[in-house]
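[1] Starting from these lines, generate the structure:
(one chain, ligands or ions: 1)
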Amino acid sequence: MFRIGQEEKEAVCRVIDSGSLFKTGKGVESETYLLQKKMREWYGVEHALVLTSGVGALTSAMIAMGIGPGDEVIVPAYTYIATVGCVLSVGAIPVVAEVDETMMIDPADVEKKITSRTKAIVPVHMVGFPCNMEAIMAVAKKHGLYVLEDTAQGNGASYHGKKCGTYGDIAALSFNFYKILSAGEGGGLLTNNQELYEKAFLYHDCYALSGFEGETADFTTEPFLGNEYRCTEITSAILRVQYDRLPILVEDLNSNKKKLLAALEGKFRHIPMNDADGDSAINAAFVFDTAEQCYGFRDRYNEKYGIKFAIPGSSRRHIYYDWGAINAGRGAAHPAMDPFRHPANADILRSYTRETCPFSIAYLERCMNFEIDPDWTDEDIQLQADKLISCL
Ligand SMILES: Cc1ncc(COP(=O)(O)O)c(C=O)c1O
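    Predicted coordinates:
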């Protein structure tokens, strides 16, 4: 989260003063209703749903797509463990695809990983960088697969002028503390598909079966038992303000990133991007010739300035061979619920070793993520550049 202030305080007080922290009972005046309307307009989609977390959104999307035991879902080598956990939580097996030099999922490797069991592809717009959505959508169309965009880190980014989160069949957002827009915690779902929306809605709210407020009145999906990922009115009130901040925020981030890159010209090499104009610019990613150079730089910088860099290849739980329990073959808390032991998944290859995606491993250990601050002054930017250069 970058900016929060008086407007959010007033929004929270408004909800507390109303005495009504639950999203229903207020009809179209509800903060959640108004936020979802704002999101539909911002992304230009038919349906937007606010939930408690990105995991809630991803899981509801998996359920909506009908994913379960016997299915494979293709995920990138570089993503937070939550993306993958959601595949396992519905009983399916995650299949890892390489990233390319953009650090995003490699559409060519995705195609190589498709089998008769594949049901969906999950491109993840990591660190605010857009995936190559045209290529991903083409592969998905050719093989009749769903696309779920994990836009948890990609909110505010776009690809060829269209917002990330609006290419696939469905998209998940996160509003946790580390995301560009935040209410501390929170999640969002976007889709143009009525059937996926109905199923995701039913899953995110087990109370939806009672059909309160007419939200489910026109649903044709046969009701099924859901889970509980309903947001509070406080979350929605904060996010309504946060969304108003988004366009200027992305502009300021881009402006500061461009200034930093200009100050580092000839010294640091930024990785190629699928669409630099669609960058949300929360992050700059530099690539070194070797992993030794990358780690050496990080150690010198940390020793001098005490700040820890994120090297994607060594960042805990963000690269597939560091997915902890998953690498150890434990896909659920209870063994009887474990997709790795489920008979329907018996003949599915599961592979999470360093040999599974050799390019990703070697490449991500040569890359370094550096967070951009939208509120840096020109002096701050020069100082950041001087510090970086002094550690080369
Ligand atoms: C790529 C990615 N997907 C999903 C999530 C899960 O989001 P949440 O923490 O809101 O559940 C995160 C959270 O950091 C993430 O970075």
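[2] What are the boundaries of the helices in the chain?
    Under the criterion DSSP state H, the chain contains helices at 6-18, 31-43, 54-64, 81-89, 107-113, 133-143, 194-204, 233-263, 291-305, 358-364, 378-390.
[3] So for the second one, what gets flagged as buried?
    Right, the one you point to is helix 31-43. E31, T32, Y33, L35, Q36, K38, M39, W42, Y43 (16 or more other C-beta atoms under 10 Å). Every C-beta, even on glycine, is put in place using the N, C-alpha and C of the backbone.
[4] My read is that the last one contacts L189, right?
    No. Contact between Y43 and L189 fails when scored by C-beta atoms under 8 Å: they sit 10.8 Å apart.
[5] what does the chain put close to the ligand?
    Contact residues, the chain versus the ligand (C-beta under 6 Å from any ligand atom): 53-55, 79-80, 82-83, 124, 150, 152-153, 174, 176, 178, 187.
[6] how about a cut-off of 5 Å?
    Proximity of the chain to the ligand, by C-beta under 5 Å from any ligand atom, involves residues S53, G54, V55, Y80, A82, T83, D150, A152, Q153, S174, N176.
[7] Once you drop chain neighbours, what's closest to the closest residue to the ligand within the stretch 1-150 of the chain?
    In the stretch 1-150 of the chain, the residue found nearest to the ligand is G54; the distance is 2.4 Å by C-beta to the nearest ligand atom. With C-beta to C-beta, 6 or more residues apart in numbering as the criterion, G54 has its nearest non-adjacent residue at 3.0 Å, and that residue is S174.
[8] Please tell me I have it right and that neighbour contacts A57.
    Yes. With contacts counted by C-beta under 8 Å, S174 reaches A57, the gap being 7.4 Å.
[9] right, and the helices of the chain - which one's nearest G329?
    G329 sits nearest to helix 81-89 of all the helices of the chain, at 11.0 Å, using C-beta to C-beta.
[10] Please name every helix or strand in contact with the closest one.
    On a contact count with 3 or more C-beta pairs under 8 Å, 6 or more residues apart in numbering; DSSP states H and E, helix 81-89 meets helix 54-64, strand 72-76, strand 93-97.
[11] which ones are touching the residue of the stretch 1-150 of the chain closest to the ligand?
    Contacts for G54 (C-beta atoms under 8 Å, 6 or more residues apart in numbering) come out as A82, D150, A152, A172, L173, S174, F175, N176, G187.
[12] try it again with 6 Å
    A152, A172, S174, G187 (C-beta atoms under 6 Å, 6 or more residues apart in numbering).
[13] In contact with the third one: list those residues for me.
    With contacts taken as C-beta under 6 Å, 6+ apart, S174 has the following neighbours: G54, A152, G187.
[14] hmm, 10 Å instead?
    Going by C-beta atoms under 10 Å, 6 or more residues apart in numbering, S174 touches 51, 53-58, 80, 82, 150-155, 180-182, 185-188.
[15] Emit the ChimeraX select command for whichever of these are buried.
    Buried residues among the contacts of S174 (16+ other C-beta under 10 Å), as a ChimeraX selection:
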select :51,53,54,55,56,57,58,80,82,150,151,152,153,154,155,180,181,182,185,186,187,188
